[in-house]
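K.L.:
Quick one: sequence plus predicted model below, questions after.
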Amino acid sequence: MSKPLLAGLALALVLGGCGTVRESRVNPFNWFGQSQEEVTLAPRGGWSGVVDNRALVAEVSEMAVERFPGGAIVRAAGITPTQGWWDAELVALNDGRPVDGVLTYEFRIAAPRTPTRVSTPQSRTVSAAVRISDRRLEGVRSIVVRGAQNARSAQR
């Protein structure tokens, strides 16, 4: 009868020891504590959208809308004040949705990092294009490309 008594006593001690492992650092479930709220530096309501620091092109010299199956390509050329301007892009306003049938783009471009020459208008001309799907063109009567000094438009 001593063997079953010893086995029962050993089993009781082993099971009793499991209670202390629960709070032990050996138990992997205890490696991380409960989550708690942290104070952040983010403003209430979150951060504003991405800010485009590129300037508007000085003058939009030409603009064309070229149709193709499935949509259109808006192509524009602009003249910069000096050479070396780069990263030209037609940026859609209003998330690319027309307002009163007018789809508006801004001709954005990055300034040169070092001073550059003025030279001829041909050497200061940059171009950019954007593809617009037929779905986006629904309800559009006019497309406008804006620069710093002027804007050009094309109507249906």
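P.N.:
Perfect, thanks for sending it.

K.L.:
Look up how far residue 109 lies from the residue nearest in space to the middle of the chain.
P.N.:
Within the chain, one residue has its C-alpha closest to the average C-alpha position: by C-alpha atoms, centre = their mean, that is residue 50, at 6.6 Å. Distance of residue 50 to residue 109, given as C-beta to C-beta, to the nearest Å: 17 Å. Backbone N, C-alpha and C define where each C-beta goes, glycine included.

K.L.:
picking that back up, what residues does the residue nearest to the centre of the chain make contact with?
P.N.:
If you count contacts by C-beta atoms under 8 Å, 6 or more residues apart in numbering, residue 50 has none.

K.L.:
For this protein, just list every one of the strands.
P.N.:
Chain-ordered strands for the chain, with DSSP state E as the definition, fall at 55-56, 59-68, 71-79, 86-92, 102-110, 125-133, 142-146, 151-155.

K.L.:
any chance of the ones you listed in a markdown table, plus mean neighbour count and distance to residue 119?
P.N.:
Putting those into a markdown table (neighbours: other C-beta atoms under 10 Å; distance: least, C-beta to C-beta, whole Å) gives the following:
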| stretch | mean neighbour count | distance to residue 119 |
| --- | --- | --- |
| strand 55-56 | 17 | 19 |
| strand 59-68 | 16 | 16 |
| strand 71-79 | 20 | 11 |
| strand 86-92 | 16 | 16 |
| strand 102-110 | 21 | 17 |
| strand 125-133 | 16 | 11 |
| strand 142-146 | 21 | 24 |
| strand 151-155 | 15 | 24 |
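
K.L.:
Kind regards, and thank you for your time.
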